[in-house]
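1. fold the following.
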Amino acid sequence: MVFFAVRYVLSDRLLEGYQHDVALYADLSKFRGAVGQLLEKVDDTLMQVGSEAYAGSLLVYQMAQTMGVGVGEGLDESLDDMGKRFARKLKATTPPHNATFTQLMV
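-> Numbers count the residues shown, from 1 in each chain. From the prediction side, this is the model:
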């Protein structure tokens with residue numbers, strides 16, 4: 001009789017633990033979904049703000065470069081750094097391995 005009572009209590013506690021785990025999983029899944037949506041919006045905002053900051057910095061650099069601002073005013077180093085940041089990188093063009101001389105000259 002004692003054996004059956006112990007077994008009943010254990011199985012009842014196991015069932016309660018299982019139900020608790022399932023409920024917790026469901027709640028955490030909802031929370032994760034909401035956090036994921038928020039994180040996606042934060043990433044989108046960060047990308048937009050970074051793009052706007054880059055565009056604004058590029059405009060300031062171009063204006064300073066055009067107007068000669070910074071020359072002799074202690075801003076030379078800053079303009080040089082900005083020039084490195086905004087330097088256009090040219091793509092190296094390599095001819096195909098099987099190209100003939102006349103194809104390359106066209």
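2. what about the helices in the chain?
-> Applying DSSP state H to the chain gives helices spanning 2-67, 76-86, 101-105.
3. now do the first one against helix 76-86, angle only.
-> Same thing as helix 2-67. Inter-element angle recorded for helix 2-67 and helix 76-86: 120 degrees (by axes from the mean of the first three to the mean of the last three CA atoms, to 10 degrees).
4. where are the low-confidence patches of this structure?
-> 1-10, 69-74, 90-106 (pLDDT under 70).
5. re earlier: looking at the helices of the chain, which is buried most?
-> helix 76-86 (a mean of 12; mean count of other CB atoms under 10 Å). The way it works is simple: take the backbone N, C-alpha and C, and place the C-beta from them, glycine included.
6. who touches it?
-> Helix 76-86 is contacted from outside by Ser57, Leu58, Val60, Tyr61, Ala64, Gln65, Gly70, using CB atoms under 8 Å, 6 or more residues apart in numbering.
7. ok, which pair from those residues is furthest apart?
-> Leu58 and Gly70 (15.4 Å; CB to CB).
8. which non-adjacent residue is nearest Leu58?
-> Using CB to CB, 6 or more residues apart in numbering and skipping residues adjacent in sequence, the residue nearest Leu58 is Phe86, 5.6 Å away.
9. measure that neighbour to Ala53 for me?
-> Per CB to CB, to the nearest Å, Phe86 is found 13 Å from Ala53.
10. please apply the same query to Arg85.
-> Arg85 is 12 Å from Ala53, by CB to CB.
11. how about Leu59?
-> Leu59 is 11 Å from Ala53, by CB to CB.
12. likewise for Lys30?
-> For Lys30 relative to Ala53 (CB to CB), the value is 35 Å.
13. OK, contacts around Val60?
-> Contacts of Val60 by CB under 8 Å, 6+ apart are Met82.
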